[in-house]
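1. predicted model and sequence follow; I will ask about them next.
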Amino acid sequence: MSDKRQRARVQGSWAKPLPRQPRPTVPTSSSVTPGANPPSAAWGVGQSQSMFEYQQPAKAFRDVPTEKVIEKQGGYEISHGSSGVSRLRLIPGFLPPEEADWAFSKLLAELPWSQKTNYREGEAYEEPRLTCWFGEVPYTYAHSTMEANTQWHPLLVTLRDVVEKESGCSFNSLLCNLYRNCKDSIGWHSDDEAALGPQPTIASLSLGDMRVFSLRKKPPPEENGDYTYMEKLRVPLTHGTLLIMEGATQEDWQHSVAKEYHDRGPRVNLTFRTMYSELEGQRPRVRPPPQH
Ligand SMILES: O=C(O)CCC(=O)C(=O)O
């Protein structure tokens, strides 16, 4: 049907063609503003006209990446950048259930758990979890120090051996975290203290109730510290799971365990590390690598 006849049929009389409106231009990628929020609806009333007109959004839309879930056993290259490859190795059921049950109840009952006081902008706050530290050198983060402690619980020595065999690394230190319930958490951070050396391997063994371990990629300088558009990952850490973070993971990513809205039972997390004593001119205090 011709355009003229169609208008007649719809409107019952010959209607005038609508005045042509200038077409909104599609923004080019160079007009994308980093850190911009998606533009809201852009229809408004022009000042001198009584009709609605399309107003070009000032900022272009950017997709917020969907969070990916990593839950299957395997090795994952989570990013490649100028600092190198960031890698995760996930081994659910690394400890068989009965061994994991036994280790969990023993560590929960027998480790010297305490609540540490940290400092942010000069203000003291209690960490929302309990911790203890094993290693020949003290461990300082958030402006407070955990003293050196060479009294390794025998079970921790056994667990360290099996984790070393699996990872091919030698660890001389261990930070233990106890999340008592769903309200306990650890905020966004990287394990990138100078004493850990460049590109540290961190092996994390989880026992007890499942908690979600989240990772987010650090933003480039032009994002001004805004993580909105950065990649995000979720790794459910179940009873007996071993997670190994390697390569540039600490340099290029942050991780956290958030509080949860649903009830959670206690969870023990052991993060094996290698610390370099500043007093020894950055030489590692490590034992020989494990035999395979
Ligand atoms: O509990 C966890 O899985 C993470 C612990 C952690 O991020 C840390 O000790 O630095």
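-> Right, received. Where do you want to start?
2. for stretch 169-186, could you pull out the residues that count as buried?
-> For stretch 169-186, the neighbour count (16 or more other Cβ atoms under 10 Å) marks 169-180, 182, 184-186 as buried. Heads up, the C-betas are built off the backbone N, CA and C, glycines and all.
3. which two of the residues you listed have the greatest separation?
-> Using Cβ to Cβ, the two most remote members of the buried residues of stretch 169-186 are 170 and 182, lying 35.1 Å apart.
4. residues of this structure that sit close to the ligand?
-> Contacts of the chain with the ligand, taken as Cβ under 6 Å from any ligand atom, map to 175, 177, 186, 191, 204, 213, 237, 255, 257, 269, 271.
5. bridging residues for whatever residue of the stretch 151-292 of the chain ends up closest to the ligand?
-> For the stretch 151-292 of the chain, the residue closest to the ligand is residue 269, as judged by Cβ to the nearest ligand atom, at 3.4 Å. Per DSSP bridges, the residues bridged to residue 269 are residue 177, residue 206.
6. can you give me every residue that contacts it?
-> 176-179, 204-207, 237, 257 (Cβ atoms under 8 Å, 6 or more residues apart in numbering).
7. can you add pLDDT and distance to residue 196 and give these back as JSON lines?
-> Shown next, in JSON lines, are the contacts of residue 269 (pLDDT from 0 to 100; distance: Cβ to Cβ, whole Å):
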{"residue": "176", "pLDDT": "98", "distance to residue 196": "17"}
{"residue": "177", "pLDDT": "98", "distance to residue 196": "16"}
{"residue": "178", "pLDDT": "98", "distance to residue 196": "22"}
{"residue": "179", "pLDDT": "98", "distance to residue 196": "22"}
{"residue": "204", "pLDDT": "98", "distance to residue 196": "14"}
{"residue": "205", "pLDDT": "99", "distance to residue 196": "18"}
{"residue": "206", "pLDDT": "99", "distance to residue 196": "20"}
{"residue": "207", "pLDDT": "99", "distance to residue 196": "23"}
{"residue": "237", "pLDDT": "98", "distance to residue 196": "21"}
{"residue": "257", "pLDDT": "98", "distance to residue 196": "19"}
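8. based on its surroundings, how many neighbours for residue 240?
-> Counted by other Cβ atoms under 10 Å, the residues lying close to residue 240 total 22.
9. now do the one 5 residues further on
-> Using other Cβ under 10 Å, the number of residues around residue 245 comes to 24.
10. wait, a helix at residue 108?
-> Yes - counting by DSSP: H, G, I helix; E, B strand; the rest coil, residue 108 falls inside a helix.
11. check what pLDDT it gets.
-> Note on residue 108: pLDDT of 98.
12. separation between it and residue 129?
-> 13 Å (Cβ to Cβ, to the nearest Å).
13. how about residue 265?
-> Distance from residue 265 to residue 129, by Cβ to Cβ: 14 Å.
14. can you pick out the residue with more neighbours from the two?
-> Neighbours were counted for residue 265 and for residue 129 using other Cβ under 10 Å; residue 129 has more, 19 against 11.
15. beta partners for the residue nearest the centre of the chain?
-> In the chain, the residue lying closest to the centroid (Cα atoms, centre = their mean) is residue 215, at 1.6 Å. Beta-bridge pairing for residue 215 (DSSP bridges): residue 233, residue 255.
16. thought residue 252 was touching it, still the case?
-> No - the criterion here is Cβ atoms under 8 Å, and residue 215 misses it with residue 252 at 9.8 Å.
17. for this structure, give me the ranges with low pLDDT.
-> Applying pLDDT under 70 to the chain flags residues 1-50, 58-59, 278-292.
18. what about the helices in it?
-> 3-11, 97-110, 154-167, 249-252 (DSSP state H).
19. now those as CSV including distance to residue 225?
-> Compiled in CSV, the helices of the chain are given as follows (distance: least, Cβ to Cβ, whole Å):
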stretch, distance to residue 225
helix 3-11, 54
helix 97-110, 37
helix 154-167, 32
helix 249-252, 15
